[in-house]
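Participant: quick one: sequence plus predicted model below, questions after.
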Amino acid sequence: MNSETSAAISLLNAQAVRARAQRMLTLGLEDRLQNFRVDLSRLDDTAELVIATMHKAYPSLDIPFHSRWRHFVVDGIDRFDEIAKTAGFIDRAARARVEFDLAIVSVFLDAGVGMQWRYYDALSGEHIGRSEGLALASLDMFARGVFSANPADPLRVDAAVLARLTPAQLIEGFQVTDENPLVGLEGRAALLRALGNLVVDNTGVFARNDTARPGGLFDHLVGLAEGGAIGAPEILAELLRELGPIWPSRITLGGIPLGDCWRHPAITTSDPTSGLVPLHKLSQWLAYSLIEPLQRAGLAVTKIDGLTGLAEYRNGGLFVDMDVIILREQSQSASIYDVGSALVVEWRALTIALLDKLAVAVRKKLNKDADELPLAKILEGGTWSAGRAIARARRDEGTPPIKILSDGTVF
């Protein structure tokens with residue numbers, strides 16, 4: 001393995017994300033960033049807002065993990081669980097493969113949709129936008145067998161079907177029209193086709209106990225477990241290793257595609273990774289979303305706090321709106337930024353590092369430790385919802401404080 005390849009692999013894990021984010025925060029606290037200043041004195045008020053948000057949604061603080069599964073619950077009814085009750089799974093592993101299939105496809109479809117798009121949910125009669133709308137749309141497509149090669153077995157995702165997925169199928173599934181546009185439609189379809197082709201070509205990982213399907217990753221992770229347990233950072237590392245090649249070509253190092261990893265001139269090292277900032281937002285969102293299927297299948301998932309917070313616009317918007325992260329020039333908020341711009345990379349990395357600090361502050365105020373209140377619960381109960389709420393209070397339609405040009409594969 002050459003030095004560039006080894007360096008690339010060193011960025012494909014949660015520890016690297018956290019370390020580079022912390023370096024960005026250090027620069028911010030030293031007032032050495034081009035686009036932002038950081039004011040930690042505002043962190044206490046932010047923690048109070050997050051705690052109030054958590055108590056409102058979960059008065060007893062019995063908070064589930066932040067994951068895609070929360071978005072399948074509408075009006076207190078778990079839509080996937082209702083489907084699963086009549087599915088007749090032969091064992092826990094069969095259910096886990098189905099859950100992996102659904103989670104992987106649904107998460108990879110879960111990028112920003114823009115302000116206009118809504119999904120009409122026939123069961124509730126509501127028009128639902130953003131992540132919740134995308135989740136229900138993907139669940140409905142999954143339940144109808146859109147991703148299955150076998151009409152008699154709709155609850156599966158066959159790699160060969162994904163490889164042929166067309167934008168027209170997503171247009172239908174997401175109810176897209178000229179009046180109901182969806183940002184990044186082509187990017188989403190291309191991402192799922194890339195996933196299908198990769199899974200078809202890697203049967204050693206994805207077809208151990210079935211034909212090639214994303215859910216075959218469950219069996220791969222079971223094979224890596226020791227003593228019936230697997231660490232959450234190991235889940236992420238496997239996702240980045242096995243699914244990394246599907247992401248659009250951005251930065252490669254030593255022949256390894258780095259996925260959600262971007263350049264920033266302030267992050268310098270003495271090795272080939274100099275200037276690179278890994279964030280891996282969707283992959284970490286997926287790692288969080290695979291924890292519960294693994295637990296239901298009987299595996300213990302350890303080191304959940306080894307994953308980082310998610311570098312997305314709700315968490316990041318919380319810190320901007322609470323004046324923890326402050327644009328150097330307020331006029332910058334009027335522009336639209338590419339995800340690879342230095343400003344967005346700074347913002348996202350600062351978000352990850354500040355979520356760690358915020359978690360410490362929240363736990364201290366509630367007299368909880370990390371085992372009682374892991375970051376995954378603080379994300380679900382507080383930061384994401386608080387970021388959305390303050391955005392709605394400050395701007396029409398709850399737009400983020402910084403405008404981002406989305407291609408449907410990052411945010």
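Facilitator: Done, it's in. Being a predicted model, the structure only gives us computed values, none of them experimental. Numbering: from 1, shown residues only.

Participant: and after the longest helix that the chain contains, which helix or strand comes next?
Facilitator: In the chain, assigned by DSSP state H, the helix with the most residues is helix 342-366. Sequence-wise, the next helix or strand downstream of helix 342-366 (DSSP states H and E) is helix 375-378.

Participant: how about the helix or strand that comes right after that next one as PDB, C-alpha atoms only?
Facilitator: Once the chain leaves helix 375-378, the next helix or strand it forms, by DSSP H and E, is helix 384-394. Below are the C-alpha coordinates for helix 384-394, written out as PDB (Å, rounded to 0.1, in the frame of the first residue of the first chain):
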ATOM      1  CA  TRP A 384     -31.800  19.100  15.100                       C
ATOM      2  CA  SER A 385     -35.300  20.100  16.300                       C
ATOM      3  CA  ALA A 386     -34.000  23.300  18.000                       C
ATOM      4  CA  GLY A 387     -32.200  24.200  14.800                       C
ATOM      5  CA  ARG A 388     -35.400  23.800  12.800                       C
ATOM      6  CA  ALA A 389     -37.500  25.700  15.300                       C
ATOM      7  CA  ILE A 390     -35.200  28.700  15.500                       C
ATOM      8  CA  ALA A 391     -34.900  28.800  11.700                       C
ATOM      9  CA  ARG A 392     -38.700  29.000  11.500                       C
ATOM     10  CA  ALA A 393     -38.800  31.700  14.100                       C
ATOM     11  CA  ARG A 394     -36.200  33.800  12.300                       C
END
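
Participant: now do helix 384-394: which elements does it pack against?
Facilitator: Helix 384-394 sits against helix 43-57, helix 313-321, with contacts defined as 3 or more C-beta pairs under 8 Å, 6 or more residues apart in numbering; DSSP states H and E. Every C-beta, even on glycine, is put in place using the N, C-alpha and C of the backbone.

Participant: averaged pLDDT, the first one. What do you get?
Facilitator: If I follow you right, that is helix 43-57. Average pLDDT, helix 43-57: 97.

Participant: how far off helix 342-366 does that helix point, in degrees?
Facilitator: For helix 43-57 against helix 342-366, the angle by axes from the mean of the first three to the mean of the last three C-alpha atoms, to 10 degrees is 70 degrees.

Participant: tell me which residues of helix 43-57 come out buried.
Facilitator: For helix 43-57, burial by neighbour count (16 or more other C-beta atoms under 10 Å) applies to L43, T46, A47, L49, V50, I51, T53, M54.

Participant: again, but for stretch 247-262
Facilitator: So for stretch 247-262, counting by 16+ other C-beta under 10 Å, buried means W247, R250, I251, L253, I256, P257, L258, G259, D260, C261, W262.

Participant: against L327, how distant is the first one?
Facilitator: Applying C-beta to C-beta, to the nearest Å, the value for W247 to L327 is 29 Å.

Participant: report the residue spans of the protein with pLDDT below the cut-off.
Facilitator: 1, 249, 407-411 (pLDDT under 70).
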